[in-house]
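Asker: Here's a sequence, model it:
(2 chains)
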Amino acid sequence: AQSVAQPEDQVNVAEGNPLTVKCTYSVSGNPYLFWYVQYPNRGLQFLLKYITGDNLVKGSYGFEAEFNKSQTSFHLKKPSALVSDSALYFCAVRDMNHYGGSQGNLIFGKGTKLSVKP
Amino acid sequence: NAGVTQTPKFRILKIGQSMTLQCAQDMNHNYMYWYRQDPGMGLKLIYYSVGAGITDKGEVPNGYNVSRSTTEDFPLRLELAAPSQTSVYFCASSYSMTDSPLHFGNGTRLTVT
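Answerer: A predicted model of the protein is given here:
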């Protein structure tokens, strides 16, 4: 069965410091991986995705993520955090070998709350 | 460009009442989804649709029904509301079910008392 784990409920960083939000996944085939951000009282917004190719993908608002197949991880990173980055972050995975049908749907992690202090 | 629009934003129901959560998208996406979000639990898929006239159950469909008569609209029906259905409901759409990201509405916060 597909699954996604975000091992940290909350990550605290100081403004200007680098940030990492962790994500590991489990799928039977090759993964499609996504990161979303949710601000208070809003829907989720797409940040970036890994489908194939370069293991380092760049996305919106200066975020990037590194795909590591051997560690089945897809950690979200940013070199210099901003207070405005404070939000809830979700990792999601879709099994490429099961697109179509219920198995092709996105599976979301439980979310990690990022808090950036001035 | 409105994207995905959900109504209402908030609703309080009494146990046993019914209601319909509305969702409309203007991006001509074939794929639409309903999720519920509970604190610390992430998002769980309720129902999804791959096109007008075609719907299927997700992970947590019990107590809900959907219909998809047009490409644009994907309403979610709650019959006989229960306290366990207190949640935030999100509708989403996508161009494909493979590498396309989901576009989310801003959600409906439902309380059942």
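Asker: Establish whether stretch B:84-94 and chain A are in contact.
Answerer: Yes - with CB under 8 Å from any CB of the partner chain as the threshold, stretch B:84-94 lies in contact with chain A, specifically through B:Phe90, B:Ala92. In this view, the C-beta of every residue, glycine as well, is placed from N, C-alpha and C.
Asker: residues making contact with that stretch?
Answerer: Residues from elsewhere that reach stretch B:84-94, judged by CB atoms under 8 Å, 6 or more residues apart in numbering or on different chains: A:43-44, B:4, B:6, B:21, B:23, B:25, B:27, B:29, B:31-38, B:43, B:46, B:63, B:74, B:76, B:78, B:100-105, B:107-112.
Asker: Near the residue of chain A found nearest chain B, how many other residues are there?
Answerer: For chain A, the residue positioned closest to chain B under CB to the nearest CB is A:Gly43, at a distance of 3.2 Å. Taking other CB atoms under 10 Å in any protein chain shown as the criterion, the count of residues near A:Gly43 is 22.
Asker: and what of B:Asn62?
Answerer: Other residues near B:Asn62 number 9, with proximity taken as other CB under 10 Å.
Asker: Equivalent analysis for the one 3 residues further on, please.
Answerer: Here the count is done by other CB under 10 Å, and B:Asn65 has 14 residues near it.
Asker: thought it was touching B:Glu79?
Answerer: Yes - A contact is recorded between B:Asn65 and B:Glu79 when judged using CB atoms under 8 Å, the distance being 6.7 Å.
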